[in-house]
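K.L.:
sharing a model that was predicted from the sequence below.
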Amino acid sequence: MQSKKGSFIKFFLVLTILLASASAYYFLFSTAPRFEGKVNASFSPNFRCKALYKLNNEALALTNIYYRINPDTLSCKTFDAVTDSIQTLCTTPDGKHIFALALESEIPYFFDIVEGKQKLIALPDSAKYNTEILYSVLVCDNERVVLINPKWMYTWKIKEIHDKPAFEFENHNATGCEYSCFAMRDNMLYVGEDREHYGGKLICVNLDNGKFETLIEKSVVDLLFDQNGTLWTINKLPNGDPGKICTLDPINNQLKVITSITRPNPDRNEAKVLLNWDYPVTQFQKLFLNEQNELMVATDSQGFFQFDKQKSKWNRVGPDKIFGLEAFEKILLLNNDKVLVAGHINNECTFMIFDFKKNSYKLLAGDPNQVKER
């Protein structure tokens with residue numbers, strides 16, 4: 001009897017341990033929030049922003065951890081399955097899917113989050129045993145999602161993502177990882193590369209057959225398609241400044257310069273040269289579309305500008321100077337003429353909201369001693 005009683009106690013202890021382990025696992029891998037509070041310097045991450053997307057009325061931001069930011073209440077949640085191991089993520093423009101790649105014990109996991117529920121997506125063997133999966137990037141539209149790493153590309157049609165394997169093909173020249181920007185249209189992925197002192201290029205990848213085509217052998221800092229299907233790019237000048245905004249002619253794959261800024265060089269007795277620019281010398285950093293689908297550009301020192309296509313002229317929008325922010329890394333369009341910006345100051349990730357109507361901006365996360373709100 002005593003033996004049976006002792007066995008029962010041991011069984012109960014083992015069962016308790018297993019249930020506790022299961023509970024801990026659920027806590028770590030569930031979508032329940034683990035932190036909620038105002039976004040401020042007390043938990044500002046010391047990492048650059050890897051991804052910034054909109055999901056319904058919230059913003060998803062990935063640095064060293066995963067944030068959900070409510071721009072209206074200025075509140076933030078850090079949470080999600082494998083929060084600390086998410087390497088990259090993206091959301092579909094319609095907000096129905098979040099795709100995320102995580103790494104646990106050097107094993108990659110790719111999953112889809114729909115209505116708060118996660119579902120694993122099968123990865124090809126070449127992704128499971130690829131040591132460079134850590135450097136992957138996710139890009140998607142409402143029809144497709146593409147996983148890019150230095151050796152391979154994988155693409156799925158979203159409606160078939162849980163039923164059919166990925167179409168995989170070799171990634172030539174490590175296209176589309178570091179120093180890259182992306183734009184998708186139909187079955188084509190456009191990748192702009194800026195390799196600092198090593199030049200860059202604009203590449204088009206056919207996602208149906210895996211064929212690569214180099215369109216331009218010039219550095220591309222940023223790119224996007226407008227609502228008419230025109231591809232816009234920010235390109236560097238010979239001196240290394242991102243000082244040109246161009247459009248791509250789809251017939252001959254030539255860039256047409258719309259705006260250009262050349263800084264003065266007193267050492268060479270060179271004056272500044274401006275093409276279609278009526279403002280002080282600056283550098284172009286990010287392109288985006290506003291709520292009216294008008295082209296916008298963020299500059300490093302002069303704020304934001306909207307392009308009047310009929311007059312082929314740039315108009316200033318919002319604050320004329322941004323105090324403290326060193327660079328724009330990601331820009332997310334919000335409602336009511338606002339944008340959420342991820343940048344950095346002294347290598348510290350900084351989140352700011354710009355209100356074009358009120359001509360103001362606020363600091364959400366970062367060092368308040370470095371950024372002056374207005």
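P.N.:
Right, received. Where do you want to start?

K.L.:
use CA for all of it now, contacts and neighbours both
P.N.:
Fine.

K.L.:
contacts for the helix or strand hosting L202 next, please.
P.N.:
Here L202 sits within strand 200-206, counting by DSSP states H and E. Applying CA atoms under 8 Å, 6 or more residues apart in numbering, the set of residues contacting strand 200-206 from outside is 187-194, 211-220.

K.L.:
and the buried ones among the residues you listed, selectable in PyMOL?
P.N.:
Of these, the buried ones go into a single PyMOL selection, burial set by 16 or more other CA atoms under 10 Å:
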select buried, resi 188+189+190+191+192+193+194+212+215+216+218+219+220
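
K.L.:
which residue sits closest to Y361, ignoring its sequence neighbours?
P.N.:
Sequence neighbours aside, F354 is the residue nearest to Y361 in space, at 4.2 Å (criterion: CA to CA, 6 or more residues apart in numbering).

K.L.:
let me fix that, I meant to ask about K358.
P.N.:
Leaving aside its sequence neighbours, K358 sits nearest to G318 (CA to CA, 6+ apart; 7.6 Å).

K.L.:
surely that neighbour meets F356?
P.N.:
Yes. Counting by CA atoms under 8 Å, G318 touches F356, with 4.3 Å between them.

K.L.:
out of these two, which sits in the busier spot?
P.N.:
Using other CA atoms under 10 Å as the criterion, G318 and F356 rank with G318 on top: 20 against 16.

K.L.:
contacts only, for the residue nearest to K358.
P.N.:
Taking CA under 8 Å, 6+ apart, we find G318 in contact with 303-304, 354-360.

K.L.:
between those, which is nearest P124?
P.N.:
F354 (41.7 Å; CA to CA).

K.L.:
how close does the closest one get to I345?
P.N.:
17 Å (CA to CA, to the nearest Å).

K.L.:
so what does the helix or strand encompassing K119 touch, helix or strand wise?
P.N.:
Counting by DSSP H and E, the element that carries K119 is strand 117-121. Counting contacts by 3 or more CA pairs under 8 Å, 6 or more residues apart in numbering; DSSP states H and E, strand 117-121 is packed against strand 107-114.

K.L.:
now do 10 Å
P.N.:
strand 98-104, strand 107-114 (3 or more CA pairs under 10 Å, 6 or more residues apart in numbering; DSSP states H and E).

K.L.:
what segments of the stretch 51-200 of the chain are helices?
P.N.:
Counting by DSSP state H, counting those that start in this stretch, the stretch 51-200 of the chain has helices at residues 125-128.

K.L.:
and the residue nearest to the spatial centre of the chain, what pLDDT?
P.N.:
In the chain, the residue lying closest to the centroid (CA atoms, centre = their mean) is A51, at 3.3 Å. Among the per-residue scores, A51 holds a pLDDT of 81.

K.L.:
buried residues, whatever helix or strand the residue nearest to Y361 lives in. List them.
P.N.:
Taking DSSP H and E as the criterion, F354 maps to strand 348-355. The neighbour-count check on strand 348-355 (16+ other CA under 10 Å) flags 348-355 as buried.

K.L.:
between strand 348-355 and the helix or strand just after that strand, find me the angle.
P.N.:
Using DSSP H and E, the helix or strand that follows strand 348-355 towards the C-terminus is strand 360-365. Counting by axes from the mean of the first three to the mean of the last three CA atoms, to 10 degrees, strand 360-365 lies at 150 degrees to strand 348-355.

K.L.:
export strand 360-365 as CSV, just CAs?
P.N.:
Presented in CSV, the C-alpha positions along strand 360-365 are these (Å, rounded to 0.1, in the frame of the first residue of the first chain):
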residue,chain,number,x,y,z
SER,A,360,4.4,68.9,-35.0
TYR,A,361,6.0,65.7,-33.9
LYS,A,362,6.3,63.6,-30.8
LEU,A,363,8.8,61.2,-29.4
LEU,A,364,7.5,57.7,-28.7
ALA,A,365,10.7,55.8,-27.9
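
K.L.:
average pLDDT for that strand?
P.N.:
The average pLDDT within strand 360-365 is 78.

K.L.:
strands paired with that strand, and their directions?
P.N.:
strand 348-355 (antiparallel) (DSSP bridges).

K.L.:
and the partner strand, what's its mean pLDDT?
P.N.:
Averaged over strand 348-355, pLDDT sits at 81.

K.L.:
next: stretch 132-139.
P.N.:
Mean pLDDT, stretch 132-139: 82.

K.L.:
that stretch: how far from the chain's middle?
P.N.:
Relative to its chain's centre, stretch 132-139 lies at 12 Å (CA atoms, centre = their mean, to the nearest Å).

K.L.:
put the alpha carbons of that stretch into PDB.
P.N.:
Output of stretch 132-139 as PDB, limited to C-alpha atoms (Å, rounded to 0.1, in the frame of the first residue of the first chain):
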ATOM      1  CA  GLU A 132      22.800  32.400 -43.300                       C
ATOM      2  CA  ILE A 133      19.000  32.200 -42.600                       C
ATOM      3  CA  LEU A 134      19.700  34.700 -39.800                       C
ATOM      4  CA  TYR A 135      20.200  37.400 -42.500                       C
ATOM      5  CA  SER A 136      16.800  36.800 -44.200                       C
ATOM      6  CA  VAL A 137      14.300  39.400 -45.300                       C
ATOM      7  CA  LEU A 138      10.500  39.000 -45.800                       C
ATOM      8  CA  VAL A 139       8.600  40.900 -48.500                       C
END
